[in-house]
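S.K.: Build me a structure from this.
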Amino acid sequence: MEWIFITLASLLAGFVDAIVGGGGLVLVPALFAAFPVAPPATLLGTNKAAGVWGTAMATWQYSRRVQMRWAALLPAAAAGFAGSFAGAWAVTVVSPDFLRRLLPLVLLGVLAYTLARKDMGRHHTPRFAGRAEIAAASLIGLAIGFYDGFFGPGTGSFFVFLFVRLLGYDFLNASASAKLLNTATNVAAIALFAAKGHVWWHFAVTLAVANVMGSLIGTHMALKHGTGFVRGIFIVVVGALILKTGYDAFWR
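M.R.: Sure thing, here's the model as predicted:
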C-alpha cells in the first residue's frame with residue numbers, strides 16, 4: 001500500500017511541478033507519512049532522485065514549443081548547479097532553522113505582489129539581452145540554487161517569480177526556464193545525497209516513472225492553456241506553500 005500511495009503522490013507531484021514547480025509540496029509529505037521512521041535525508045534524497053526526471057522531461061517538452069533563451073539559461077543552469085552544491089555543503093555547517101519562520105513571510109510577499117499586479121507575467125517582454133541577460137539569469141540561478149541546496153521549499157516558485165519580475169518573462173516562458181535551472185539544482189543535490197547513501201533507488205525508479213507521466217500531463221496542460229493558466233496554478237501553489245511552511249514554522 002505504501003508503494004501505491006507514494007507512486008500516486010509522485011504522479012501528482014510531477015503534474016504540479018511541470019506547470020509551476022512545487023512538486024516537493026506533494027511528494028515529500030507523502031514519503032514522510034509512508035515511512036515515518038526513515039532518516040529524513042534518505043526521504044529527501046529519494047524525492048530528488050524521482051523528481052529530477054519529471055523536471056528534465058518538462059524542460060525537454062517546453063523546449064519544443066517555447067522559444068528558450070539558451071544563451072542566458074545554460075550559464076544560469078551552471079550557476080544554479082554550483083549554488084545548489086554550495087548550499088548543500090553550507091547546511092552541513094550552518095543550521096537553516098532561521099529560514100523556517102522567514103520563509104512563509106517571504107512567500108506571502110510574493111503572493112501579495114502577484115495578486116496586486118494582475119498584468120504581471122501576462123506578456124513576454126524580456127528586459128535584458130546579451131551579457132546583461134546572462135548576468136541577471138546567472139545571479140538568479142546562483143542565489144536560488146544556493147537556497148535549494150541549503151533549505152529548498154518553494155525553489156521552483158522563486159525561480160518563476162524572479163524570471164517574471166526581474167527578467168520580464170511571461171509565466172509560461174518563466175516556468176519553462178525554471179525547469180531547466182531546477183533540473184540543474186536537483187542534479188547537484190542528488191550527487192550529494194547519493195554520495196552519502198541517502199537514496200532508495202528501488203523506490204526512486206518507480207517514483208521517477210510516475211513523476212515523468214505526471215510531468216507530461218502537466219506540460220501538456222500548461223502549453224494548451226497558456227500563461228493565464230500557469231499564473232493561476234502559481235497562485236494556488238504559493239498559497240499552499242504559505243500554509244505548509246507557516247504551519248511548520250509557527251504551530252508544529
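S.K.: Can you tell me the number of residues neighbouring residue 232?
M.R.: Residue 232 has 14 neighbouring residues, counting by other Cβ atoms under 10 Å. Any C-beta I mention is one placed from the backbone N, CA and C, and that applies to glycine too.
S.K.: can you check residue 221 too?
M.R.: Other residues lying near residue 221 total 15 when counted by other Cβ under 10 Å.
S.K.: thought it was touching residue 232?
M.R.: No. If you go by Cβ atoms under 8 Å, residue 221 and residue 232 don't touch, sitting 11.2 Å apart.
S.K.: Quick check: pLDDT value at the residue most central in space within the chain.
M.R.: Centroid-nearest residue in the chain, with Cα atoms, centre = their mean: residue 156, separated by 2.8 Å. Predicted confidence (pLDDT) for residue 156: 89.
S.K.: who's in contact with it?
M.R.: Applying Cβ atoms under 8 Å, 6 or more residues apart in numbering, we find residue 156 in contact with 17, 20, 21, 22, 23, 178, 179, 182.
S.K.: residues in contact with the third one?
M.R.: Taking Cβ under 8 Å, 6+ apart as the definition of contact, the neighbours of residue 21 are 154, 155, 156, 157, 159, 160, 175, 178, 182, 237.
S.K.: Can you lay out the residues you listed as JSON lines showing distance to residue 79?
M.R.: Formatted as JSON lines, the contacts of residue 21 follow (distance: Cβ to Cβ, whole Å):
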{"residue": "154", "distance to residue 79": "19"}
{"residue": "155", "distance to residue 79": "14"}
{"residue": "156", "distance to residue 79": "16"}
{"residue": "157", "distance to residue 79": "19"}
{"residue": "159", "distance to residue 79": "12"}
{"residue": "160", "distance to residue 79": "17"}
{"residue": "175", "distance to residue 79": "19"}
{"residue": "178", "distance to residue 79": "14"}
{"residue": "182", "distance to residue 79": "13"}
{"residue": "237", "distance to residue 79": "24"}
